[in-house]
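**Student:** kindly generate the corresponding structure for this input.
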Amino acid sequence: MLFESLEIIEPILRSLQEEGYTTPTPIQAQSIPIVLQGHDLLGCAQTGTGKTAAFAIPILQLLSADKVYNTRKKIRSLIVTPTRELAIQIGESFDAYGRHTGLTNTVIFGGVNQKSQASSLQRGVDIVIATPGRLLDLLNQGCLNLRDVEILVLDEADRMLDMGFIHDVKKILSVLPKKKQSLFFSATMPAEIVKLAATILHNPSHVSVTPVSSTVDIIQQSIYFVDKGNKNSLLVDILKDKGIKTALVFTRTKHGADKVVKILQKHNITAEAIHGNKAQNARQRALTNFKAQTTRVLVATDIAARGIDVDDLEYVINFELPNIAETYVHRIGRTGRAGAAGTALSFCDAEEKEYLRDIEKLIAKKIPVNDDHQFPLMDHNPPKAPKQQGRGNSGHPGPKLPPISSGAKRWSSSKPRASR
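**Tutor:** All right, here's what the predicted structure looks like:
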């Protein structure tokens, strides 16, 4: 199937050809006709399946059909998404696909001065892509109104739930017109999301592509069992391979991301971190450098990584396994996008084996083990934290527990073992 067969108008087809797109992905092929017919849509699709184009293309076409109304520059479509990075990414997609339509869009998000965003809204735009917090701020200040919105998109709804945005979303919904077309996308469908969708959508069509429990088959996955203290050395060793042009490395914490960056920089590997404690301009600069390959390694936390869409990203490295199995699927989905090749390497220490079991249960497959490295896991059963000793009948403290052996401590060192 080609995009031409979806009855897409010529200006958008021309833009798609200029971007090098000829064949729609499954989510696009199923969703675009439904949206063009004016139906509400409930889509279950993880990041990396092409869902931005699945709603951007038909929205541009529907808004292009009314040129007279378009000249009034009222906000006719609103896309709400959880993170700044994802909002910017969606804005870039609307710019690319709509460059020949004459339609305008603006992206609004927090963490930066609102002046330029408010000015853009004052001039008038057709499409607004926004994070919930800043949208409500500007709405309360009277910088915009949403009474003319014809098409609403809630993107990454499950992540908005995780990030505590649901109350903000409900406030936004309360000021939108009752009569509108609504498109709802989520990678997972927990009960809360289903309940929220029921309050937004009217007799929706359903599309489900690549459910969260299945990983993209083309991604080559492997597990490295390694002691926690040797992860830095293993990462540096892997990155000695010059064939790895860029790599997205995931840590569980912001502090952990900064530590990994310092280690890599010490070994002359260009690296930057992207997480919630970074200023918006620093985050955007790091992402721009990574896309331009002037920064070889981007170290990210899960929330900050939402919206990172890098063409031809071949390597994702889980420096730490996530404690939520679904997050693993989101992480590795940063590579192998749009049918491209991808490799996902994951480090697993003794304490993370439980996380690995959850991940393999979710994806219903065993991840191959790579034991061809210098830092094999030695501390297979880390000692549990000793319980607080109570006092005996005599009122004296109980006996002291023996100290952890020096052998166990030795294997948790960050220094690599000498090869035999």
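**Student:** hmm, who's touching stretch 268-276?
**Tutor:** In this structure, residues lying in contact with stretch 268-276 by C-beta atoms under 8 Å, 6 or more residues apart in numbering are 236, 239, 249, 254, 257-258, 260-261, 264-265, 283, 286-287, 289-290, 294-301, 303-305, 308. Using the backbone N, CA and C atoms, a C-beta is placed for each residue, glycine as well.
**Student:** helix/strand/coil for the residue nearest to Thr251 when sequence neighbours are not counted?
**Tutor:** In this structure, Thr251 finds its nearest non-sequential neighbour in Ala257, 4.6 Å apart by C-beta to C-beta, 6 or more residues apart in numbering. Secondary structure, DSSP: H, G, I helix; E, B strand; the rest coil: Ala257 is helix.
**Student:** surely Ala257 touches Leu248?
**Tutor:** No - taking contact to mean C-beta atoms under 8 Å, the distance of 11.4 Å between Ala257 and Leu248 leaves them out of contact.
**Student:** overlap in contacts of these two?
**Tutor:** Overlap between the contact sets of Ala257 and Leu248, as judged by C-beta under 8 Å, 6+ apart, is given by Ala300.
**Student:** my reading is that Pro82 lies in a strand. Confirm?
**Tutor:** No - membership of Pro82 in a strand is not supported by three-state DSSP, which gives coil.
**Student:** where's it relative to Phe109, distance?
**Tutor:** Separation of Pro82 from Phe109 (C-beta to C-beta, to the nearest Å): 10 Å.
**Student:** picking that back up, what's around the residue nearest to Thr251, how many residues?
**Tutor:** Around Ala257 there are 26 other residues, counting by other C-beta atoms under 10 Å.
**Student:** contacting residues for it?
**Tutor:** Ala257 makes contact with 251, 273-275, 299-301, according to C-beta under 8 Å, 6+ apart.
**Student:** what kind of secondary structure is Ile269 in?
**Tutor:** On the three-state scheme (three-state DSSP), Ile269 is labelled coil.
**Student:** ok, it to Ile263 distance?
**Tutor:** Looking at Ile269 against Ile263, where the rule is C-beta to C-beta, the gap reads 9 Å.
**Student:** of Pro82 and Phe109, which one has the most company?
**Tutor:** Shown here are Pro82 and Phe109; by other C-beta under 10 Å, Pro82 has more neighbours (26 against 23).
**Student:** shaky segments in the stretch 251-400 of the chain?
**Tutor:** Scanning the stretch 251-400 of the chain for pLDDT under 70 picks out 303-309, 311, 336-340, 381-400.
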